[in-house]
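Colleague: for reference, the sequence and a predicted model appear below.
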Amino acid sequence: MSIGRSVLRLRYTLAVVCGLLLTSVTAFAQGDGIPTDEASISAGMELFDGNCSSCHQVHEKGVGPALKNVYERRDVKWLTSFIKHPGKTIESGDAYAVALYDKFKPTIMPNQDLSDAEILQVLAYVKDATIKGPAKPEAAADVAGAGAAAPQEGMVVSSNLLVGVIIGLLVLLSIVLIVLVVLANVLTQYLKQQKGLDENDTAYINEKFSLAAIFKSQVFIGMSSFVFVMIVAKVTIDSLFAVGVQQGYAPDQPIQFSHKLHAGYYEIDCKYCHTGVEKSKNANIPSANICMNCHNSIRQNSPEIQKIYAAIENNEPIQWVRVHNLPDLAYFNHSQHVKVGGVECQTCHGEIEKMEVVQQHSLLTMGWCIDCHRQTDVNAKGNAYYDKMVEMHEATSKDPMKVKDIGGLECAKCHY
Amino acid sequence: MKAIAIGAAALAMTGCKIQGDGNFTGLEYAPQMYHSVPYEPLSQFTDDDIAGGVLEQFYYPDFVNSTPYNDYYSEGKKRKINVKDPVAGTVKRQNFTKVTGQAAPTADQAILYYMEVSKDSLEWAAANLKNPLEATPAVLAQGEHLFTAYCMPCHGEKGDGKGKVGKVYGGVANLKGRSIKKATDGHIFHVITHGKGNMWPHKSQVNPEERWAIVKYVRKLQGN
């Protein structure tokens, strides 16, 4: 890896040196009038970022052509007039401009409100970037890799620490046990050597440790059968309570979509795709056009992304498997909880931004709903709808108004 | 004997899979209560899912696909999802001019029903559409909230076009650039709706009122 990188770096440096040599020769030969000082380049970069970068890149084709070497393709005078009035230049029948239009139509570059001096600065930046060559892509990959690896390392460290503490405690306990056994033996030996002990003491000293007697004793049998019955009862009851609870359900999806990448690394808001979450009962599963907002160009060749294209081409819905399914008998509304209540998505869905495959995090049982309704304060601040209720509540109680106080435990709130 | 019987029962209970895990939903009792008879969006439960299972006998064979509203297998294809096309002859709300008989929507109608305005009428939109919202704190707060959700991934928190997704996507506009500072509200509204250059339409994600709020917030970011 490191050798590969240094080789890359060497190549890069070589390329830069060669580029510098070449351009110094060409600049000398042409004298194109494009400034080369640092101040112009950085001013040009700012102008480029602000006005050009949405359509143009230096090294790659964007909406418009790549601007690499543009100062060699056309002279500064032509470029200045084109940048200021692209439409006019095309209409005037300039052969090069018409050819450009034919290649990129129907898009026409809008008129740019830049002065001659500013255009020169932009060109200075383009020239500088052309000479420097494309940015190394490995930097971005490193960032992505680091982002993915960091949280895992943290987890490993904390679990190692826990195991270490437990082992330490066990060692300590066994040392104490050994010391105690040795002490008891020493004391028994000492007592054996004494004379004039009473009956109880001799009985104690000569006592034989018998395992069979313990197993046969009524106390042992009683205790162990009690423990056994309790365990069986606990397992049975727990199992029965787990019937119909789908916590942990993490089905394979038709497309291996990673929330960890999209919501975690790229920090895309949940609402970007789940558009209904603040407006309707359902959070919505995004339609393919929302995927296409980015994947019209990002990772086009991935087999998973190809599935989106296929779905659009065949006009077939992507058959996502539903993970969270409340029974038909209970009503739940996302907008009510997220928009009005201000509840975070993660409160119910867990740390979605860390999930490679989505699984049901919460119980979604009635007890689980009710617990939250008992504990959660109503998000009444700045919501005039609640003003009267808060006033009435505060007249009779010192506690903040909980969901249960405004009917959060009424049967008919959810079951109707 | 009793102890053995109880032990066997306990073993049977622990041995049988109850908790959901991977592709297994978890044991369902009375599944009729879990899977909706009336139309329920985004559900896709079919009798294929239960065929051959232990619980098959508990389902009514015709139950799952019996209602006309859950036509999982529409259009003669095996389409295991109940996303449906509108009924034939439905007029989209934004195509209201077909009903009112107008040749074209007026500017204030177009604000609400914008999809009638086509993608290539950017200049018309820039000249005619006026932002109906005032830059009140409430509108700006809504705008910021929406901007964070729908624009920030590409355009960045400050609107400088340096969002995390934008870096990968490429060609993202700097909203603080001179041309967009000069652009009218109507222009930005049109671009959110229909997209421009590399940006794809976002009309399905934010409704017209929300778009106007976003425009107001973009103005704030630009320092106007």
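Modeller: Sure thing, it's come through.

Colleague: tell me the pLDDT of residue 72.
Modeller: With no chain named, the answer covers chain A. The per-residue pLDDT reported for A:E72 equals 85.

Colleague: sorry, should have said chain B
Modeller: pLDDT, read off for B:Y72, is 51.

Colleague: next, the distance between the ends of stretch A:280-297.
Modeller: 31 Å (CA to CA, to the nearest Å).

Colleague: just name the shakiest helix or strand of the chain by mean pLDDT.
Modeller: No chain was given, so I picked chain A. Within chain A, no helix or strand scores below helix A:2-30, which has a mean of 49 by mean pLDDT, DSSP states H and E.

Colleague: please go with chain B instead
Modeller: The helix or strand of chain B with the poorest confidence is helix B:2-15; it has a mean of 57 (mean pLDDT, DSSP H and E).

Colleague: any idea which helix or strand comes after it?
Modeller: Going down the chain from helix B:2-15, the next helix or strand is helix B:97-100, by DSSP states H and E.

Colleague: flag every residue of the stretch 1-150 of chain A that's near chain B.
Modeller: A:49-51, A:53-57, A:60, A:62-63, A:106-107, A:110, A:112-114, A:140 (CB under 8 Å from any CB of the partner chain). For glycine as for every other residue, the C-beta is placed from the backbone atoms N, C-alpha and C.

Colleague: now the closest residue to A:C273 other than its chain neighbours: phi and psi?
Modeller: Among residues not flanking A:C273 along the chain, A:P286 sits closest, at 3.9 Å (CB to CB, 6 or more residues apart in numbering or on different chains). Main-chain torsions, A:P286, degrees, to the nearest 10: phi -60, psi 140.

Colleague: kindly report the same for A:G50.
Modeller: phi -80, psi -30.

Colleague: how many other residues sit next to it?
Modeller: By other CB atoms under 10 Å in any protein chain shown, 20 other residues sit near A:G50.

Colleague: now B:G197
Modeller: Per other CB under 10 Å, the neighbour tally for B:G197 reads 15.

Colleague: again with B:V215
Modeller: B:V215, neighbours per other CB under 10 Å, totals 25.

Colleague: and for A:E394?
Modeller: Neighbour tally, A:E394, other CB under 10 Å: 12.

Colleague: same question, B:K182
Modeller: If you count neighbours by other CB under 10 Å, B:K182 ends up with 10.

Colleague: which residues does it contact?
Modeller: Residues counted as contacts of B:K182 (CB atoms under 8 Å, 6 or more residues apart in numbering or on different chains) are A:D113.

Colleague: tell me how chain A divides into domains.
Modeller: Here the domain parsing of chain A from automatic domain parsing is A:2-138, A:365-416.

Colleague: same check, this time on chain B
Modeller: With automatic domain parsing as the reference, chain B has domains B:26-85, B:93-221.

Colleague: which of those domains has the lowest mean pLDDT?
Modeller: Mean pLDDT values for the domains of chain B show the minimum at domain B:26-85, a mean of 59.

Colleague: how close does the closest residue to A:T376 other than its chain neighbours get to A:Q375?
Modeller: Distance criterion CB to CB, 6+ apart; nearest residue to A:T376, sequence neighbours excluded, is A:V403 at 5.1 Å. Distance of A:V403 to A:Q375, given as CB to CB, to the nearest Å: 8 Å.

Colleague: thinking again about what came up before, B:G166: which of the domains of chain A is closest?
Modeller: domain A:2-138 (9.9 Å; CB to CB).

Colleague: the residue nearest to A:T376: neighbour count?
Modeller: So A:V403, with other CB under 10 Å, has 21 neighbours.

Colleague: swap in A:V98?
Modeller: 14.

Colleague: list the contacts of it.
Modeller: Neighbour list for A:V98: A:I90 [criterion: CB under 8 Å, 6+ apart].
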